[in-house]
Each structure stands twice: as C-alpha cells, then as structure tokens.
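In: my questions concern the predicted model and sequence given below.
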There are 4 protein chains.
Amino acid sequence: MQEPKLSREQLSELLPSHFPEFVHPASGITIEEVSYGACRIRQTFSPLMLRPGGTISGPTMMGLTDFTMYVALLSAIGWVPMVVTSQLNINFLRKPQQSDLIAAAKLMKLGQRLAFGEVAVRSAGADDIVAHATLTYAIPSQR
Amino acid sequence: MQEPKLSREQLSELLPSHFPEFVHPASGITIEEVSYGACRIRQTFSPLMLRPGGTISGPTMMGLTDFTMYVALLSAIGWVPMVVTSQLNINFLRKPQQSDLIAAAKLMKLGQRLAFGEVAVRSAGADDIVAHATLTYAIPSQR
Amino acid sequence: MQEPKLSREQLSELLPSHFPEFVHPASGITIEEVSYGACRIRQTFSPLMLRPGGTISGPTMMGLTDFTMYVALLSAIGWVPMVVTSQLNINFLRKPQQSDLIAAAKLMKLGQRLAFGEVAVRSAGADDIVAHATLTYAIPSQR
Amino acid sequence: MQEPKLSREQLSELLPSHFPEFVHPASGITIEEVSYGACRIRQTFSPLMLRPGGTISGPTMMGLTDFTMYVALLSAIGWVPMVVTSQLNINFLRKPQQSDLIAAAKLMKLGQRLAFGEVAVRSAGADDIVAHATLTYAIPSQR
C-alpha cells in the first residue's frame, strides 16, 4: 500500500488557501480520509443546496464529485493544483436525504497526462449511492 | 416551427422566484433567446468564477449547462419545474476567456418521461466551443 | 445476500437461444460467475478482435460491457430479455493484452424502469482495468 | 472552408485494406460524404443486426459511431490510422427502423493529442436522431 503524497492534514491546509471560493470555513467541506489515489469528503448539509421538491441541487453534487476527484488525484501526484477536469459523467440515481453528503473517490488510472477515476456520493449514514460520477483530469506536462 | 410553451419573458419572470439561489439579480444569468426546445443563456463574467490558472471553474460551467438545458426543456413542456437532471456528460474543450459565457441548448428527444439534449458553451463573441454537454432530464409522471 | 433470479446455468442456456448472433459456440463468451445484480464474463481472445497497432478493437469491448451489464441486470430481475441499453459511457484506460478479456458488472441502482451499473474490463490474469463503463438500461413497463 | 486531408475516394480505398474485419465488401459500410472534420456514413441494413424486439442492436450502433468519428478525424489530420478511441458516450433515443443507418460525425475540437466530436445516427430517410454519441480520440504523439 503506497503512501499518499499529501496527507489529509496537508491537503486540509493547502486547499482553503488556493480555493478560497470553494473551500472556506462556511463551505462545509471536510476532508475525512485520504489514502493514495483515494479520499472521502463530507459536505455539510445546508438548506441553500435545496431546490424545488426538496432535493439537493444537481450542481451541488457535480461540484462535490469534481472536488473529491481533485483531492484523490493530488493524493497520488502531490501538489499540482493546476490539474483540470477534462470530462465528467454523472448519473443521479436517487433523491438524497436532507443531510450531509459523503463523497468517496478512487483513481483507476494515473497516466503521465491523464487521470481517470470514479466518485460515489451517499447521504451520510446511508448505503445507497445517490450519485455516481466518472471523471478524467488533465495533468499539465510542465509540472 | 412550433411556438415555445413559455416565452423568454415568462421564463425570466418565473425562474428567479423558484430558483432564487441560482437566478437572482446578482447571479448574472440572462435568458437571451428562447424557441421551442432551445434557448441561449448568458452568464456574466465574475472574478469569483476563476480558479488557479485563470480558467473559469468547472462547476460554473456544469451549473450553467444544467440550467440551460432546464430552460430549453421548459420551453417545450411548459412550467413543470420539478423536472430533474438524471445524467450529465460534459467535456471541457478549451480554456475559456475571462469574459461572459454563452450557453446554447437544444433538445434532441422529448419523450413522456425522459428528455435528452445538448448544450454548447462559448466565450462571448468567440466561435470555439469551450465546453460541450449532453444531458438527460427525468420528467415527473404526475404533471 | 439475495439470491440471483437466474443462475449461471440458466443464463448460459437461455442466452444462446435468444442472442444466437452474439452468444454462440464460436463467440467465445462464457458466463463465469453470477450473483444478484452482478456477474463476471470471459471473452476468449481471437485475432479477429485486433486492429492496427495490436490493440483489441473498441467495439469488441463496447459490446462486451453492454452484454455483461445485460446479464447482471437479468440476474436481478429475471428473464426480461427486452430490456434495452439507453446510455453507455466507456473509457478506454490501457492497451489490453492479446489475451482473454474478463468483464465484471455490478448494478448500483435498480428502479422500476431504469437500471444503472458499472463494468470493469481486465485482461485475464491482470489487475489493471483496461476499460471502464457505466450503463443505463431501460426496463419495459409491461413485464 | 478547409479542404479535407483525405477525400472520400482516398478513404474508401485505404480503410478496407487496413480494417478488413470491419470494412469489407460484405460489411455494408459506405462513406457517402467527407469534408474537413466531418463525414456521413451509411450502414446497409442486415437482419443480423437485429435483436429480440426487432430493434437494431446497441453494439451495431456503437461500432458505427466509433467508425464514423474515426473517418471524420482522419479527414482532418490525414492518414494516422493509429488514433484510438479514449472515450465514448452514447445515448439511444429511439427505436431505429429496420432500414439502413446514416451516421453523421463532426469534430468540435482538434488538439495536438486529443480530438473530440459528436455523431448523430438516423434511420435512412428519417429526420429523428435514433442515437447520439460524443467521442474523444487520442492522437499518437509520434505521428
């Protein structure tokens, strides 16, 4: 089992300073666990995430899956914050509860220039997957 | 050429009251054009959309494509605000300029329970597509 | 742990008679394992699958992922052969070896009318995933 | 309007010799039109494509969209037969007729190493799209 290049503590310190608009004290994002090429992130529930019908908005979950894969990728390549999403495919499977969301990401392929992985999102405390995403990230060549 | 079930004016009035967290005076969303099953939406540039490297964040464009398809779908079925995204596939093709984004959506299939279409996002005034998405929406049966 | 509605033996008997063009003695398809909502299928290597460069053709792997999810779905709903693929997203991650392919499918959501799952394809005897797919199947209402 | 790097005639001659398993006199593939980054391909109907329920099999349409994008890409970069599909997303929208299929591809992005485009498949003589795909191709660096 390979060690992550960046620990949970390191990532929790670095990310808010580089992504203040997404990771800040009020954003409700907590990195709960990090291993090499994988991580688990909690997004605290807020009524602001709701849309008519009482479901959590799609963009909330899209942003969460994107960020979770970003953290999983950094755990495997170290601090290369300029990696960018090149492709996201997300399926919304069930209506989430009005509670925290837990997103778990896992890299399946780490190449020189592309990384690919999947993210499963669940309502905290529940087993069922509410959203599943696969993502491709592009890794800049000049790192 | 079929008439849209909701005009640009009607949608511009209805949406802010139902999606105040996404469509409000400060959100920079303008519905520029609506026809049956299609629409064009402008998102005003804001430095808040930027992420390290000077590119517009992925979630900004994900949210925009999701909303644009939503409007295109309502233009074809009328006011059924509870339609929900079931699948989104987005490809980020080029780095957008630091300017407004223009998203154009077009329905390709409108079934009883599912609608499918595509959205192209461009930087205002430019021809190149910066992001392309296909989306499936689920239409509630009890409408 | 729920029992599958159709066993490996039942599926191995039913499928060739219904899909003679895809599952026949010469097609090299073997159902190796079936559990509720999951299965593992082997496709025997044939030089006919190769394309220039010595890689196994994309359509070979597309067809294999589609069929593997089909079997996983039938294991959960029983003999409803008219289910049809409504969406497939496949990522080709590595060049497969010139050997048998092993595809493993797992359902993540089984609804009344839609089922969603993922399939991982590996070269026989290897750990790395060569292709990963997510699929949505539509289930006819009149079953 | 840029000229294609390979004409319809050139492609119709080169492809059968390099892809004999897919493009051969009996495969029913005809390149009908080629322009720079775009093409239209006809696949002659054969009862072998059918699956239970009388619909054309998913893999038939997957293979057709893959091949059509391949031809559109070669029309823009010339004879680089080793380009490989890295990602395919296909949505099946309607049941096709039991007639020829017409697939039209169009590149949206041509980079140094990646190309992205879309393919629409229709039944010959009909307007409705029966399947829509987006594809990413990887272009080898040593071309």
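Out: Yep, that arrived. Nothing here was measured: the structure is a model prediction, and the numbers come from that model.

In: need the residues of chain A near chain D, please.
Out: Residues of chain A lying close to chain D (CB under 8 Å from any CB of the partner chain) are A:86-87, A:89, A:113-114, A:136. C-betas here are computed from N, CA, C, even on glycine.

In: wait, does the lowest-mean-pLDDT helix or strand in chain A contact chain B?
Out: Ranking every helix and strand in chain A by mean pLDDT, DSSP states H and E puts strand A:50-51 at the bottom, with a mean of 85. Yes. Strand A:50-51 reaches chain B (CB under 8 Å from any CB) through residue A:51.

In: show me where chain A has strands.
Out: Using DSSP state E, the strands found in chain A span residues A:29-35, A:38-43, A:50-51, A:55-56, A:84-92, A:101-110, A:114-123, A:129-138.

In: right, is the first one up against chain B?
Out: In other words, strand A:29-35. No. On the criterion CB under 8 Å from any CB, strand A:29-35 is out of touch with chain B, staying 12.5 Å away.

In: how about that strand, which residues are buried there?
Out: Going by neighbour count (16 or more other CB atoms under 10 Å in any protein chain shown), the buried part of strand A:29-35 is A:29, A:31, A:34-35.

In: the last one too?
Out: Buried residues in strand A:129-138, counting neighbours by 16+ other CB under 10 Å, are found at A:129-138.

In: show me what contacts the residue nearest to residue A:14 when sequence neighbours are not counted?
Out: The spatially closest residue to residue A:14, leaving aside those adjacent along the chain, is residue A:79, at 6.4 Å (CB to CB, 6 or more residues apart in numbering or on different chains). For residue A:79, the contact set (CB atoms under 8 Å, 6 or more residues apart in numbering or on different chains) comprises A:5-6, A:14.

In: from the chain's centroid, how far away is stretch A:68-84?
Out: Counting by CA atoms, centre = their mean, to the nearest Å, stretch A:68-84 is centred 10 Å from the centre of its parent chain.

In: now do the end-to-end distance for it.
Out: 13 Å (CA to CA, to the nearest Å).

In: so is stretch A:34-43 next to chain C?
Out: No. If you take CB under 8 Å from any CB as the test, stretch A:34-43 misses chain C, and the best it gets is 12.8 Å.

In: show me which of the residues of chain A next to chain D are buried.
Out: For those, buried by 16+ other CB under 10 Å: A:86-87, A:89, A:114, A:136.

In: and which of these is nearest to residue D:109?
Out: Residue D:109 has its nearest neighbour among those in residue A:86, at 10.5 Å by CB to CB.

In: and the gap between residue A:35 and residue D:9?
Out: From residue A:35 across to residue D:9, the span is 56 Å (CB to CB, to the nearest Å).

In: next one: residue A:71
Out: 52 Å.

In: which helix in chain A runs the most residues?
Out: helix A:58-77 (DSSP state H).

In: tell me how far that helix lies from the chain's centre.
Out: 2 Å.

In: is that helix in proximity to chain B?
Out: Yes. Using CB under 8 Å from any CB, helix A:58-77 reaches chain B at A:58-59, A:62-63, A:66.

In: out of the residues you listed, which is most surrounded?
Out: Neighbour counts for these (other CB atoms under 10 Å in any protein chain shown) peak at residue A:62, which has 26 neighbours.

In: if you skip the residues just before and after it, what's nearest to that one?
Out: residue B:62 (4.3 Å).

In: surely that neighbour touches residue A:65?
Out: No. Using CB atoms under 8 Å, residue B:62 is not in contact with residue A:65, being 9.6 Å away.

In: spit out the residues that contact those two alike.
Out: residue A:88.

In: return the distance of the closest residue to residue A:126 other than its chain neighbours relative to residue D:27.
Out: Distance criterion CB to CB, 6+ apart; nearest residue to residue A:126, sequence neighbours excluded, is residue A:97 at 6.7 Å. Residue A:97 is 51 Å from residue D:27, where distance means CB to CB.

In: cool, residue A:123 as well?
Out: For residue A:123, the distance to residue D:27 - CB to CB - is 49 Å.

In: now swap in residue A:40 and tell me
Out: For residue A:40 relative to residue D:27 (CB to CB), the value is 48 Å.

In: so who does the closest residue to residue A:66 other than its chain neighbours touch?
Out: Nearest residue to residue A:66, sequence neighbours excluded (CB to CB, 6+ apart): residue B:58, at 5.3 Å. Residue B:58 sits next to A:63, A:66, A:84-85, A:88, B:90, B:92 when contact means CB under 8 Å, 6+ apart.

In: by neighbours, which of those wins?
Out: For the contacts of residue B:58, the largest neighbour count, defined by other CB under 10 Å, is 28 neighbours, found at residue B:90.

In: who's the residue lying closest to it once chain neighbours are set aside bridged to?
Out: Nearest non-adjacent residue to residue B:90, counting by CB to CB, 6+ apart: residue B:133, 4.1 Å away. Following DSSP bridges, residue B:133 is listed with bridge partners residue B:90, residue B:119.

In: pLDDT weak spots in chain A?
Out: Scanning chain A with the threshold set as pLDDT under 70 gives A:142-143.

In: center of it - which residue?
Out: residue A:68 (1.1 Å; CA atoms, centre = their mean).

In: hang on, that residue packs against residue A:119?
Out: Yes. Assessed by CB under 8 Å, residue A:68 is found in contact with residue A:119 at 5.0 Å.

In: got the contact list for residue A:139?
Out: Counting by CB under 8 Å, 6+ apart, the residues that residue A:139 touches are A:73, A:77, A:80, A:83, A:111-115.

In: over to residue A:88?
Out: Residue A:88 neighbours (CB under 8 Å, 6+ apart): A:62, A:65-66, A:133-136, B:58, B:62, B:88-90.

In: likewise for residue A:53?
Out: B:82, B:84.

In: if we go to 6 Å?
Out: residue B:82 (CB atoms under 6 Å, 6 or more residues apart in numbering or on different chains).

In: isn't residue A:115 right up against residue A:136?
Out: No. Here residue A:115 does not reach residue A:136: they are 7.1 Å apart, not a contact under CB atoms under 6 Å.

In: and stretch A:33-49, what's buried?
Out: Buried residues in stretch A:33-49 (16+ other CB under 10 Å): A:34-43, A:45, A:49.

In: for the residues you listed, work out which two are farthest apart.
Out: A:36 and A:49 (30.5 Å).

In: now the residue nearest to residue A:3 when sequence neighbours are not counted. Its backbone dihedrals?
Out: Leaving aside its chain neighbours, residue A:3 sits nearest to residue A:36 (6.3 Å; criterion: CB to CB, 6+ apart). Reported as degrees, to the nearest 10, the phi and psi values for residue A:36 are phi -60, psi 110.

In: gap between residue A:97 and residue B:3?
Out: On the measure of CB to CB, residue A:97 and residue B:3 end up 40 Å apart.

In: could you do residue A:26 as well?
Out: For residue A:26, the distance to residue B:3 - CB to CB - is 44 Å.

In: so which residues on chain A come close to chain C?
Out: With CB under 6 Å from any CB of the partner chain as the criterion, chain A comes near chain C at residues A:89, A:91, A:93, A:108-109, A:116, A:129, A:132.

In: name the nearest of the residues you listed relative to chain D.
Out: Among the residues of chain A next to chain C, residue A:89 lies closest to chain D (CB to the nearest CB), at 6.5 Å.

In: just to check, the closest one is in contact with residue A:135?
Out: No. Counting by CB under 6 Å, residue A:89 does not reach residue A:135; the two are 7.6 Å apart.

In: next, give me the two most distant ones among the buried ones among the residues of chain A next to chain D.
Out: A:89 and A:114 (14.7 Å).

In: nearest residue to residue A:16 in space, please, no chain neighbours.
Out: residue A:23 (4.6 Å).

In: residue contacts, that neighbour?
Out: Contacts of residue A:23 by CB under 6 Å, 6+ apart are A:15-16, A:29.

In: ok, residue A:97 and residue B:3, which is more surrounded?
Out: More neighbours surround residue A:97 than the other of residue A:97 and residue B:3, with 18 against 9 (other CB under 10 Å).
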